[in-house]
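Novice: Compute the structure for the input listed below.
(4 chains)
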Protein chains: 4
Amino acid sequence: MPYHRRYPIEFNHCDPAGIVFYPRYFEMTNHVCENFFREAVGVSYADMMHQGSGVPTVRLETDFRAPSRLGDVLEVTLDVLRLGTSSVTFEIVGACDGQVRLVVTITLVWVTDVAGTIAPQPWPEGMKARLQAFVRAT
Amino acid sequence: MPYHRRYPIEFNHCDPAGIVFYPRYFEMTNHVCENFFREAVGVSYADMMHQGSGVPTVRLETDFRAPSRLGDVLEVTLDVLRLGTSSVTFEIVGACDGQVRLVVTITLVWVTDVAGTIAPQPWPEGMKARLQAFVRAT
Amino acid sequence: MPYHRRYPIEFNHCDPAGIVFYPRYFEMTNHVCENFFREAVGVSYADMMHQGSGVPTVRLETDFRAPSRLGDVLEVTLDVLRLGTSSVTFEIVGACDGQVRLVVTITLVWVTDVAGTIAPQPWPEGMKARLQAFVRAT
Amino acid sequence: MPYHRRYPIEFNHCDPAGIVFYPRYFEMTNHVCENFFREAVGVSYADMMHQGSGVPTVRLETDFRAPSRLGDVLEVTLDVLRLGTSSVTFEIVGACDGQVRLVVTITLVWVTDVAGTIAPQPWPEGMKARLQAFVRAT
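Specialist: Next up is the predicted model:
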């Protein structure tokens, strides 16, 4: 089962053409990832900050398949495409009324401050197990 | 010669980890495209709006190669990777002190309102010629 | 009873100093107003757009009393300070753990497109009655 | 002579009604203040961060007198209304073609990290002298 959140398309998302301005979609993808880590993995971004860790984004691909408009409600799902030693690739799909609006493939890396240097590190065991549960069945 | 703009990394771009928050990079890519169309192609987004046209983004890929920090100045270049009948794919590269920070490949489509329906249309001749001038030599 | 919403302080709200960047608070005040109109007044911003109406902001005052940080949850309330013929002044207060973080007084005007000109108009009866219910008892 | 910057109104500033979305104006006021400190006062926000200082905003008032649209160019001025021991109040005015669009009165406080606590401190002499030069003649 993928992780799921609903996003009503609101005034701040939309451009003068009346459709979602694409940088706002990436505030949304960040928001999905942030809440996924807090709710599903059990580690909030605040927790990470306090321990000198983080999950910076290193790569993303996006297909914008159809525009979204003010008043639409996007159903957004996230699941894990690939789980690496210190990285994870999510697929995030936003749809409205059964129509896919965007498909995002996004890779994050687990980094930790080790002796003053931020560097990729293997996922902590507990986090890796939680992420594993969202790997898409093939 | 690619199109070029400089972006000082300012307070509003940065996240609590002190690096550019990636949705802000996409405000920047939109800004580069918007100014490229106005300055280099000769058609502003305001012009497009007034005539019922636009250049929505249909696809993008981004590699975030190194973080950018408050006070950095990004040198950003844009050139044309592919020029289609009604689409264009740009490569946008941001670098600081010779280090590439991000590489974005982004595809926009020329759409026009024809009888109340927004649909892709072939580039107007004048725009196509201007875009052609930025196709990367191979 | 004022209108109420909860806002977790998330990554996108915070600046390099680790506190909410004040323009993000105004995305939040807009969001409170937008949801108040949809949920409590019964007219969404999408509804307004479709009928050529809107509620642009004409004035605001804000006291930022204490900073908010990643992981805080703001309890935000809105009530009506003054209800005019075509305007309304809200007081929006954000607090966390009983500490007031910001107090915003914000005035919006009901405008409608009349023969191609956007101009202030008296509130429709139904909207005025709903707004009246949120006037703060003195 | 007030400090001055020009802001073309671009796609990212505008809402579905085609006018500047007010939270974007506050990104602009922050941007004016940030560049004023860097260019006119001689201390960048990056400099401040590195020394554990900052200029958080504690109060603002704004009159939105007329809307701004895509393609407008705002001429924005900043001068000093009041210079206190550890605070400064700016007046920021944005105008286009001689029409005032918004007037912002905004108060910032100089804070420094003293033994782990961020607290207001008197302006350093050099900064105070530079700020003094922008106090509006009466």
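
Novice: what pLDDT does the residue nearest the centre of chain A get?
Specialist: Chain A has A:Cys33 as the residue nearest its centroid, 3.1 Å off, counting by CA atoms, centre = their mean. Confidence at A:Cys33, expressed as pLDDT, is 98.

Novice: Spell out whether the lengthiest helix in chain A and chain C are in contact.
Specialist: In chain A, assigned by DSSP state H, the helix with the most residues is helix A:22-36. Yes - part of helix A:22-36 sits near chain C under the criterion CB under 8 Å from any CB of the partner chain, namely A:Glu27, A:Asn30, A:His31, A:Glu34. Any C-beta I mention is one placed from the backbone N, CA and C, and that applies to glycine too.

Novice: between that helix and helix C:22-36, how big is the angle?
Specialist: Between helix A:22-36 and helix C:22-36, the angle comes out at 90 degrees (axes from the mean of the first three to the mean of the last three CA atoms, to 10 degrees).

Novice: who's in contact with the very next helix or strand once past helix A:22-36?
Specialist: Next helix or strand after helix A:22-36 toward the C-terminus (DSSP states H and E): helix A:45-50. Residues from elsewhere that reach helix A:45-50, judged by CB atoms under 8 Å, 6 or more residues apart in numbering or on different chains: A:34, A:37-38, A:54-55, B:16-17, C:10-11, C:18, C:69-71.

Novice: Greatest separation within those: which pair is it?
Specialist: Spatial extent of the contacts of helix A:45-50 (CB to CB) is set by the pair A:Val55 and C:Arg69 at 19.0 Å.

Novice: Between these two, tell me which one has more neighbours.
Specialist: A:Val55 (20 against 16; other CB atoms under 10 Å in any protein chain shown).

Novice: Next one, pLDDT for that one please.
Specialist: 97.

Novice: State the distance from it to D:Arg5.
Specialist: Distance, A:Val55 to D:Arg5, using CB to CB, to the nearest Å: 36 Å.

Novice: what's the answer for A:Gln132, then?
Specialist: 51 Å.

Novice: who's more crowded, these two?
Specialist: Comparing A:Gln132 with D:Arg5 by neighbour count (other CB under 10 Å), the higher total belongs to D:Arg5, at 17 against 12.

Novice: what sits against that one?
Specialist: D:His31, D:Val32, D:Asn35, D:Val76.

Novice: With respect to chain C, which of those is nearest?
Specialist: Distance to chain C across these (CB to the nearest CB) is lowest for D:His31, with 9.5 Å.

Novice: What degree of burial does that closest one show, as a neighbour count?
Specialist: So D:His31, with other CB under 10 Å, has 17 neighbours.

Novice: and what of the one 4 residues further on?
Specialist: If you count neighbours by other CB under 10 Å, D:Asn35 ends up with 17.

Novice: now it, nearest residue through space, not along the chain?
Specialist: In this structure, D:Asn35 finds its nearest non-sequential neighbour in D:Arg5, 6.4 Å apart by CB to CB, 6 or more residues apart in numbering or on different chains.

Novice: Average pLDDT for the host helix or strand of the one you found, rounded please.
Specialist: Here D:Arg5 sits within strand D:3-8, counting by DSSP H and E. Across strand D:3-8, pLDDT averages out at 98.

Novice: What of stretch A:81-95?
Specialist: Averaged over stretch A:81-95, pLDDT sits at 98.

Novice: End to end on that stretch, go ahead and measure it.
Specialist: 18 Å (CA to CA, to the nearest Å).

Novice: Which residues does it contact?
Specialist: Outside stretch A:81-95, the residues that reach it (CB under 8 Å, 6+ apart) are A:7, A:25, A:28-29, A:32-33, A:36, A:58, A:68, A:74-80, A:100-111, A:120-123, A:128, A:131-132, A:135-136.

Novice: 7 Å - rerun?
Specialist: Contact with stretch A:81-95 is made by A:29, A:32-33, A:74-80, A:100-110, A:120-123, A:131-132, A:135-136, as judged by CB atoms under 7 Å, 6 or more residues apart in numbering or on different chains.

Novice: Skipping its backbone neighbours, what lies nearest A:His4 in space?
Specialist: A:Thr77 (5.2 Å).

Novice: What's the local residue count around that neighbour?
Specialist: By other CB under 10 Å, the residues close to A:Thr77 number 16.

Novice: In terms of helices and strands, where is it?
Specialist: strand A:73-83.

Novice: Pull out the buried residues from that strand.
Specialist: Neighbour-count burial for strand A:73-83, counted by 16 or more other CB atoms under 10 Å in any protein chain shown, picks out A:Leu74, A:Val76, A:Thr77, A:Leu78, A:Asp79, A:Val80.

Novice: which residues sit in contact with the last one?
Specialist: Same thing as A:Val80. When contacts are counted by CB under 7 Å, 6+ apart, A:Val80 is found next to A:Val88, A:Phe90, A:Leu131, A:Phe134, A:Val135, A:Arg136.

Novice: now do the fourth one
Specialist: Each residue near A:Leu78 by CB under 7 Å, 6+ apart is listed here: A:Pro2, A:Tyr3, A:Val32, A:Phe36, A:Phe90, A:Ile92.

Novice: Quick check: it vs chain D, distance?
Specialist: 26 Å (CB to the nearest CB, to the nearest Å).

Novice: Can you tell me, leaving aside adjacent residues, what's nearest to that residue?
Specialist: A:Tyr3 (4.4 Å).

Novice: Close to chain D: what parts of chain A are there?
Specialist: Listed as neighbours of chain D in chain A under the rule CB under 7 Å from any CB of the partner chain: A:Phe11, A:Asn12, A:Cys14, A:Asp15, A:Pro16, A:Gly18, A:Phe21, A:Leu70.

Novice: Buried ones from those, can you make that a PyMOL selection?
Specialist: A single PyMOL command selects the buried members of those (16+ other CB under 10 Å):
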select buried, chain A and resi 11+12+14+15+16+21+70
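
Novice: for the residues of chain A next to chain D, which one is nearest B:Asp63?
Specialist: Distance to B:Asp63 across the residues of chain A next to chain D (CB to CB) is lowest for A:Phe21, with 22.4 Å.

Novice: Give me the pLDDT for the closest one.
Specialist: For A:Phe21, pLDDT reads 97.

Novice: same thing with A:Ala17?
Specialist: Listed pLDDT for A:Ala17 reads 88.

Novice: Next: A:Asp72.
Specialist: On pLDDT, A:Asp72 comes in at 97.

Novice: And it, how far from chain B?
Specialist: From A:Asp72 to chain B the distance is 16 Å (CB to the nearest CB).
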